[in-house]
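How does the following fold in three dimensions:
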Amino acid sequence: MENKDLAQKVKELRNRKGYSQEVLSEKTGLSLRTIQRIENGETEPRGDSLKRLAIVFEVSPDEIIDWTIQEDKSLLVVLNLSALAFLISPIFGILFPLIIWISKKDKIRHLNEIAKDLLNFQITWTIVFFVGYMFFIIGTILKFFHSFHSMTSFWTPTTLFVTLIFVGIMYLCNLTFIIVNSIRVNKGKMVYYSPKISFLKK
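Below you'll find the model as predicted:
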């Protein structure tokens with residue numbers, strides 16, 4: 001594990017406990033400067049220092065320094081491609097990547113960053129899709145009640161055409177991002193999903 005990954009791990013565990021650096025220093029018996037150096041990626045906890053941190057965080061030492069972290073480009077590609085499940089149902093486009101992320105979280109290098117980018121995009125896409133689709137549905141319902149004497153006015157050719165165009169563009173956009181980013185990951189590059197709302201913070 002690189003120092004920056006270890007530093008982030010210690011910081012995450014400390015924040016999860018709700019401790020400040022000063023409190024962590026008191027509970028572990030390590031100096032505040034040592035805690036700061038660990039979280040700044042300047043040093044790695046070893047031996048007694050590692051054990052003290054593990055006891056306070058209530059985790060095993062291996063969870064702090066995860067010697068089993070792996071490079072698995074194929075899994076990252078599968079993670080991206082799993083979002084293609086949106087073609088069956090938009091919810092599946094969120095659910096399938098989420099399952100992969102949770103099952104392999106903190107075990108595969110770059111998995112967390114890519115999963116969060118992907119999930120933020122899929123959640124944003126799903127919201128926009130349903131909101132846009134509901135606008136068309138509500139609009140046609142209102143139009144139907146306005147001219148209820150004619151059922152043919154409920155779905156006019158124009159309304160149907162615009163709805164199909166909207167759905168087509170949304171699906172094409174999502175499909176393109178998934179394919180392009182799967183190729184990028186396979187080439188060792190980071191993903192780029194945009195626009196998206198950061199529901200899951202990095």
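
Only C-alpha atoms from now on, for both contacts and neighbour counts.
OK.

Report pLDDT for residue 196.
If you check residue 196, the pLDDT there is 93.

Kindly report the same for the one 5 residues further on.
Looking at residue 201, its pLDDT is 81.

Doesn't it belong to a helix?
No: secondary structure of residue 201 (DSSP: H, G, I helix; E, B strand; the rest coil): coil, not part of a helix.

Tell me which residues touch it, please.
Contact analysis of residue 201 by C-alpha atoms under 8 Å, 6 or more residues apart in numbering lists residue 116.

try 10 Å this time
Contact analysis of residue 201 by C-alpha atoms under 10 Å, 6 or more residues apart in numbering lists 113, 116-117, 120.

And residue 197, by the same measure?
Listed by C-alpha under 10 Å, 6+ apart, the contact set of residue 197 reads 117, 119-125.

Export the residues you listed to TSV and append columns for secondary structure and neighbour count.
Converted to TSV, those look like this (DSSP: H, G, I helix; E, B strand; the rest coil; neighbours: other C-alpha atoms under 10 Å):
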residue	secondary structure	neighbour count
117	helix	22
119	helix	26
120	helix	22
121	helix	23
122	helix	27
123	helix	21
124	helix	17
125	helix	23
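
Out of those, flag the one nearest to residue 41.
Nearest to residue 41, judged by C-alpha to C-alpha, of the contacts of residue 197 is residue 117 at 24.4 Å.

Taking the centroid of this protein, which residue is nearest it?
Nearest to the mean C-alpha position of the chain, by C-alpha atoms, centre = their mean, lies residue 116 at 1.6 Å.

mind checking pLDDT for residue 162?
79.

nearest spatial neighbour of the residue nearest to the centre of the chain, skipping sequence neighbours?
residue 200 (5.9 Å; C-alpha to C-alpha, 6 or more residues apart in numbering).

Show me what counts as buried in stretch 94-108.
Across stretch 94-108, burial judged by 16 or more other C-alpha atoms under 10 Å covers 94-98, 100-101, 106-108.

Pop the domain breakdown of this structure in here.
Following automatic domain parsing, the chain resolves into domains at 3-64, 73-186.

measure the longest one end to end?
Length of domain 73-186, first residue to last, C-alpha to C-alpha, to the nearest Å: 6 Å.

picking up where we left off before, closest to residue 183 among the contacts of residue 197?
Closest to residue 183, out of all of the contacts of residue 197 and judged by C-alpha to C-alpha, is residue 117, at 15.5 Å.
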